[in-house]
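Colleague: next one to model:
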Amino acid sequence: MRHPKEEKTVVLVKPDGVKRGLVGEIMSRIERRGLKIIALEMITITREQIDEHYPKDERWIRRLGEKSLATYQKYGWDPVTEMGTDDPAEIGKSVRSWILDYMISGPIVKMVVEGIHAVDMVRKLSGNTVPAFAEMGTIRGDFSVDSAALANKGRRAIHNLIHASETLEEAEHELEFWFGPEEIHNYKRAEEDIMF
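Modeller: Residues are numbered from 1 along each chain as shown. The predicted structure follows:
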């Protein structure tokens, strides 16, 4: 078992975050929290690469569709009129495709973040995945106002600036997928002895 200070998570600054010049702000918030960035690179990814990043699991895809159906219901929109179907699996496939399109629309910045409760801390810093519902003080709450309703109407992914691994298992998979061992660095931050 690793020491709690060595928990790692993967962060991707999505194309909208890069295009809006928020990479430095995002990194600064992570570092100010006492976490350390141990790998960092800007890359342009292919559709094939990002297709392997996102789950293809039927339950995950169906969940995407169910979220969209809930949005349609909330606003009184007819999913058949909007999407040509009310099948959550079919809608989920479309949403997943929109996400892939979004993620290849420009360069991304990939990083590995390490520290105590790194997965949960970065998720907390990021805020709700729907920026319109994210708390002020979070990355998404402070820098984006996008919503599922707006994205669904535009037949596109929600522009939410940042991806952060949701679980330790997801972080481990993404770490292996996005980074080679030679890209990850080990160092001690100056304040580690004071903070922990």
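Colleague: run through who's touching the one helix or strand in the chain whose mean pLDDT sits lowest.
Modeller: Least confident helix or strand, the chain: helix 192-195 with a mean of 76, by mean pLDDT, DSSP states H and E. With contact meaning CB atoms under 8 Å, 6 or more residues apart in numbering, helix 192-195 is reached by 5, 34. Every residue, glycine included, has its C-beta placed from N, CA and C.
Colleague: likewise stretch 120-138?
Modeller: 9, 11, 29-30, 33, 35, 113, 115, 139-148, 158-162, 164-166.
Colleague: how about stretch 72-87?
Modeller: If you take CB under 8 Å, 6+ apart as the criterion, stretch 72-87 is touched by 65, 68-69, 71, 90-91, 94, 149, 152-153.
Colleague: now those residues: which count as buried?
Modeller: The neighbour count (16 or more other CB atoms under 10 Å) marks 65, 68-69, 71, 90-91, 94, 149, 152 as buried among these.
Colleague: what is the neighbour count of residue 11?
Modeller: Neighbour count for residue 11, taken as other CB atoms under 10 Å: 26.
Colleague: quick one, phi/psi of the closest residue to residue 53 other than its chain neighbours?
Modeller: Closest residue in space to residue 53, ignoring its immediate chain neighbours: residue 177 at 6.3 Å, by CB to CB, 6 or more residues apart in numbering. Per-residue torsions, residue 177: phi -70, psi -40 (degrees, to the nearest 10).
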